[in-house]
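**Q** compute the structure for the input listed below.
(one chain, ligands or ions: 1)
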Amino acid sequence: MNRFFIRKLLYPAYRAIKRDGVLDYLAEMHRVEKLEPEQVREFQWKKFKELLEYSAKHVPYYRDVFKRLGAEPGDIKTEKDLQSFPVLRKDDIRENPDALISEIYPRSQLDPDSTGGSTGKNLYFFVGKEASEARRANNIRTNRWLDVDIGDKMALLWGSAFDEDRSRKIKNVLKRYFSNTMLLSAYRMDEDSVHDYARRLQRFGPDMMLGYPSALAHFSASLIEAGIDGIRPRPVVLSGETFYDWQREVIEKAFHIKAYNHYGCREFGAIARECKLRDGLHICAERVLLEELPVTDSTSGDTFTELLVTDLDSFGMPFIRYAIEDMGTITWEKCSCGLGLPRLETTIGRTFDVVRAPNGNFLGGTFWTILLRKKQGIERWQVIQEKLDEITIAFIPTDDFSDEIRQYVIGKVREACGEEMRVRFELKPSLDSTPTGKHRFVISKIGLKGENDAGQAQG
Ligand SMILES: [Zn+2]
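**A** From the prediction side, this is the model:
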């Protein structure tokens, strides 16, 4: 469909019929993002205080929290005061699904949703009307940072089993047609699918592509190998997984463009994205309050910062100081692009992406990639840690896998992790993706703080 027709007429008309607040949220975001960091902070804090007051009054779970603290919302005046406020862990939500829902919020305006998470344990929650509208606006806004607007053609390399069923519904097929969106499943990545996707994308001519880095990198490598050129999105956006530089490089090579990092999740939608300068990810501070929670490892004394997220628009089921299980550091120093939003400086990745070694070391994705990528005899691999002193390297072997390679890898792992680290090799015909189709290179099931040291590894 014609993008200008969608942008100027169809989309505004659709929002007017829906009588929702998406366009208001959008205008507000564009206003606030241009303010000075100090003013952005003020705006954010004002929204946070409203949410806090509301939650203390209408959400049983938070009413209890304040009672336990012997405090009132008014006692929390600064971000520092917040540190005494409890962190909301995924298990807290699983154990208190009803107490977290507002007593006065209309049920008809709550949308059920769930997230699989890499540990495979589902989390069910509700998204209120304001939060879904703000999310929609935020998607448009973050795309505009990369010069992509409403009506531009979007190709998504995406998919969870749940989404795939929904995607075939006629309503959703029509929605994609009228919003110029093409959905390609990240599940199917065999040779036939790659060629089929390439043909469809060449015809479609996407302005932007968005997908899992692992799927996009695999697709890109296949395109290069097959000599297929001519798919030219303006930006590619990498979302849903932590990625490695080589993945970004192969994607940029296949499409001759820049790829940008996007950080979001099922619970909140977009949280942060790189602007064109790619100097950290701009946090969508009108939508979410991000905090750093320092975590110190008892053995090594090393400190990491875990991220806590508060959804500032979620009144139906407020998530306050939610431990999203990712790490990162935040800076409020202004970006040279002019946006006053804070930035995520580093994302070391999901907390379970780091192997915690018996000697106190933490080994992130890069260590394992350098060790195992392009090793003779190892085609694809996955590192799984179930216990502190044992890792499993699951891999698809090629003919030239040898004992020499095995010994080399074991030697390097012990050098980094300590002699007591056991290394198991598991030959596999194929490697599991998560239920949402993501490939995870490193899965640690013991957590950063070692809460599962006693061997109760989470399924
Ligand atoms: Zn910027």
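**Q** and residue 42, that's in a helix?
**A** Yes: secondary structure assignment places residue 42 in a helix (DSSP: H, G, I helix; E, B strand; the rest coil).
**Q** which non-adjacent residue is nearest residue 189?
**A** With Cβ to Cβ, 6 or more residues apart in numbering as the criterion, residue 189 has its nearest non-adjacent residue at 5.4 Å, and that residue is residue 218. The C-beta positions use only the backbone N, C-alpha and C, and glycine is treated the same way.
**Q** name the SS class of that neighbour, please.
**A** The three-state assignment at residue 218 reads helix, by three-state DSSP.
**Q** what lies in contact with the helix or strand containing residue 221?
**A** Applying DSSP states H and E as the criterion places residue 221 in helix 213-226. Contacts of helix 213-226 with the rest of the structure, by Cβ atoms under 8 Å, 6 or more residues apart in numbering, involve 157, 186, 189, 191, 194-195, 197-198, 209, 211, 229, 231, 236, 238-244, 246-248, 250-251, 253-255, 259, 437-439.
**Q** still on that earlier bit, tell me how far the residue nearest to residue 189 lies from residue 193.
**A** Residue 218 sits at a distance of 11 Å from residue 193 (criterion: Cβ to Cβ, to the nearest Å).
**Q** residue 178 is in contact with residue 10, correct?
**A** Yes: when contacts are counted by Cβ atoms under 8 Å, residue 10 is listed as touching residue 178 (6.5 Å).
**Q** now for those two: what residues contact both?
**A** Between them, residue 10 and residue 178 share the neighbouring residues residue 1, with contact defined by Cβ under 8 Å, 6+ apart.
**Q** looking at those two now, which is surrounded by more residues?
**A** A direct count of neighbours by other Cβ atoms under 10 Å for residue 10 and residue 178 places residue 10 higher, at 17 against 14.
**Q** filter the contacts of helix 213-226 down to the buried ones.
**A** Those of those that meet the buried threshold are 157, 186, 189, 194, 197-198, 209, 211, 231, 236, 238-244, 247-248, 250-251, 254-255, 259, 437-439, by 16 or more other Cβ atoms under 10 Å.
**Q** in helices, which of those residues fall?
**A** 194, 197, 198, 247, 248, 250, 251, 254, 255 (DSSP state H).
**Q** quick check, the third one in contact with residue 254.
**A** What it means is residue 198. No: here residue 198 lies out of contact with residue 254, judged by Cβ under 8 Å, at a distance of 10.2 Å.
**Q** so what sits against both of those two?
**A** Taking Cβ under 8 Å, 6+ apart as the contact definition, residue 198 and residue 254 share the neighbouring residues 223, 231.
**Q** tell me the domain ranges of this structure?
**A** The record's domain parsing of the chain by automatic domain parsing lists 3-349, 354-444.
**Q** TSV for the ones you listed, including distance to the ion and mean pLDDT?
**A** Converted to TSV, the domains of the chain look like this (distance: least, Cβ to the ion, whole Å; pLDDT from 0 to 100):
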stretch	distance to the ion	mean pLDDT
domain 3-349	3	90
domain 354-444	25	82
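**Q** strands along the stretch 151-300 of the chain, start to end?
**A** 154-158, 181-185, 208-211, 235-238, 258-265, 269-274, 281-283, 288-296 (DSSP state E, counting those that start in this stretch).
**Q** which strands border the second one, and is each parallel or antiparallel?
**A** With DSSP bridges as the test, strand 181-185 is paired with strand 154-158 (parallel).
**Q** who's in contact with the partner strand?
**A** Applying Cβ under 8 Å, 6+ apart, the set of residues contacting strand 154-158 is 148, 179-186, 197, 201, 204, 206-212, 215-216, 219, 233, 240.
**Q** return the distance of that strand from the chain's centre.
**A** 16 Å (Cα atoms, centre = their mean, to the nearest Å).
**Q** now could you export just the CA positions of it as PDB?
**A** Written as PDB, here are the backbone C-alpha positions of strand 154-158 (Å, rounded to 0.1, in the frame of the first residue of the first chain):
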ATOM      1  CA  MET A 154       8.500  -3.300   7.600                       C
ATOM      2  CA  ALA A 155       9.800  -6.900   7.400                       C
ATOM      3  CA  LEU A 156       9.900  -8.800  10.700                       C
ATOM      4  CA  LEU A 157      12.000 -11.900  11.100                       C
ATOM      5  CA  TRP A 158      10.300 -13.000  14.200                       C
END
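**Q** list the buried residues of it.
**A** Buried positions in strand 154-158, judged by neighbour count with 16+ other Cβ under 10 Å: 154, 155, 156, 157, 158.
**Q** try stretch 69-87
**A** If you call a residue buried by 16+ other Cβ under 10 Å, then stretch 69-87 has these buried ones: 73, 76, 82, 85.
**Q** that stretch: end-to-end distance?
**A** Using Cα to Cα, to the nearest Å, the end-to-end distance of stretch 69-87 comes to 13 Å.
**Q** next one: that stretch to chain centre, how far?
**A** The answer for stretch 69-87 is 28 Å, by Cα atoms, centre = their mean.
**Q** got it, and stretch 256-268?
**A** 8 Å.
**Q** same check, this time on stretch 12-22
**A** Its chain's C-alpha centre lies 28 Å from the corresponding centre of stretch 12-22 when counted by Cα atoms, centre = their mean.
**Q** restrict that stretch to CA atoms and write it as CSV.
**A** As requested, C-alpha coordinates have been extracted for stretch 12-22 and formatted as CSV (Å, rounded to 0.1, in the frame of the first residue of the first chain):
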residue,chain,number,x,y,z
PRO,A,12,-4.8,8.9,11.8
ALA,A,13,-8.3,7.9,10.8
TYR,A,14,-7.9,4.5,12.4
ARG,A,15,-6.7,6.0,15.7
ALA,A,16,-9.6,8.5,15.6
ILE,A,17,-12.1,5.6,15.2
LYS,A,18,-10.4,3.7,18.1
ARG,A,19,-10.5,6.9,20.2
ASP,A,20,-7.4,6.0,21.9
GLY,A,21,-4.4,8.0,23.2
VAL,A,22,-1.6,6.7,20.9
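**Q** now the helices for the stretch 51-200 of the chain?
**A** Remark: helices of the stretch 51-200 of the chain, listed N- to C-terminal, are 60-69, 90-95, 129-144, 161-167, 170-178, 191-204; assignment by DSSP state H, counting those that start in this stretch.
**Q** relative to strand 269-274, how tilted is the third one?
**A** Using axes from the mean of the first three to the mean of the last three Cα atoms, to 10 degrees, the direction of helix 129-144 lies 20 degrees away from that of strand 269-274.
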